[in-house]
Structure formats: C-alpha cells, structure tokens
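Trainee: after the sequence you'll find the predicted model.
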Amino acid sequence: MIINKQISELRKKEGITQEELAGRLGVTNQSVSKWESGQCCPDIALLPDIAAVFRVSVDELLTGKASEDPTLQDVLEDDKTIRVLQFKGRKLLRADTSDGAGNDGAPPICIELSKDNKANVEIFGNLNCKSLSCANLKCGDIKTDGGIACANVTCKALDCNGAIACGNVDAGNDLTCGDLACGNVTAGKDITCRDLTCGDITCKTFSANPQGSIVTGKILRKPEKA
C-alpha cells in the first residue's frame, strides 16, 4: 500500500530511525517495521500523529500526493515551539523559531522587505527594532533606535529615537520621537518631539523642543475623561 512506502520514505527523508519514530508515536519498533514492510498498517487514530512528525497532511500520507492547499496545522509539529513565519503573499520569506522563554539564544526576528518594492507590515504584537522602512505599518507598541519611513503608521504607543517621515500616524497612547514629518497625527495621550512638520494634530498634551520648529495645521486637544 502507498502508506507503507510513504512512512519508510518520509522517515528516511527526516533522517530518523525506526526506533526514534516509534518513540515519538508511542509504539514499538516492531510496529514501525511491520508498517514499512507492508505486513500491516498503522491504526487510523495514529495517522494525524504520523503526519505531524513528517510535517505533511494526512492526505499526502495516504496518497503520496502533496495537498494543493495544505494548512499550517498540517505541516507544523504540535509542540511548544513559537514559530514566526513571514510570507509575502504566498511566498515564504523566512521562518524563525523560539522556545518562548528566551533560553534558546535565538537572534531578534528580522523582517524581510524588498528595498525596491515596499510591502505592508502587520505585526500581532509589539515591535522593537533599529529602524524600519515599509509601506503601511500596523502593530502594538513600537520602539526603535533609528528612524521610521512608512506610509501610514497605526500602533498603540510609539517611542522613536530617530526621525519619523511617513503619512498619517495614529498612536493609541504616547508618541515620542525626534523629528516628525508626516500627515495628520493622532495620539491617545501625549506627543513629545523635536522638529515637527505635519497636518492636523490631535492629542491630550503636546510638547516640542523649544529650539526646534513647528509647522502644523490645527492642534486639537483631547479633553481629560471625567
């Protein structure tokens, strides 16, 4: 049967022994040997676990044909590893892994962007980086040592030691930066910067370096909540 051949080929491709495969699945070495020799087939309840070991779908395990539209659940192991996958459309740019506890010595995650063709960036979490250049940016808190050059920026809080040159900036909390040159600026709380060139500003408090320059439209102050 195809499944017997598949288990043997996938195991060898994975570079593990029959004993190692048996250990991962909680079965005996003899069981794996019988599967691969065609003497018997694995229990149907084991199929998802076998597929997970080899990071294939159950369909591929049974038929030998890769699924045309596999899901991430089909190809990722069900373990405690945190995986960060970056796609541009359907093209995988890079994959980083971490144990989630900071014990693996994994380097900071790099966001792959084409210099010639800026992409939109959406991060489900916070961003801590040296500098960032992209199209639209949407994430939680942003902290950067360098500058930000994007189209529109939407975030919770923004702390930038460098300059910001972009379209509209919408920060839910504080916005702290060097020079700010953009469209409209909206901050849920305070805005602190050096030179400022932008459209309208909406915030609770606004402060700029007294030696800097301010060129702006309307400054609308949000009232404090009672």
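Mentor: Yep, it's here.

Trainee: please make it C-alpha for all contacts and neighbour counts, starting now.
Mentor: Noted.

Trainee: how many residues are close by the closest residue to Thr205 other than its chain neighbours?
Mentor: Closest residue in space to Thr205, ignoring its immediate chain neighbours: Asp190 at 4.9 Å, by Cα to Cα, 6 or more residues apart in numbering. As a burial measure, Asp190 scores 21 neighbours (other Cα atoms under 10 Å).

Trainee: show me the contacts for Leu25.
Mentor: Leu25 is in contact with Leu46, Asp49, Ile50, counting by Cα atoms under 8 Å, 6 or more residues apart in numbering.

Trainee: pLDDT at it, what is it?
Mentor: In the predicted model, Leu25 carries a pLDDT score of 92.

Trainee: from Gly183, how far out is it?
Mentor: Distance of Leu25 to Gly183, given as Cα to Cα, to the nearest Å: 57 Å.

Trainee: do the same with Leu127
Mentor: 22 Å.

Trainee: how about the longest helix along the chain: buried residues?
Mentor: Determined from DSSP state H, the single longest helix within the chain is helix 2-14. Of the residues in helix 2-14, Ile3, Asn4, Lys5, Gln6, Ile7, Ser8, Leu10, Arg11 count as buried by neighbour count, 16 or more other Cα atoms under 10 Å.

Trainee: how about those in TSV, adding pLDDT and distance to Asp174?
Mentor: Putting the buried residues of helix 2-14 into TSV (pLDDT from 0 to 100; distance: Cα to Cα, whole Å) gives the following:
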residue	pLDDT	distance to Asp174
Ile3	88	58
Asn4	90	60
Lys5	91	60
Gln6	91	56
Ile7	93	55
Ser8	93	57
Leu10	92	52
Arg11	92	53
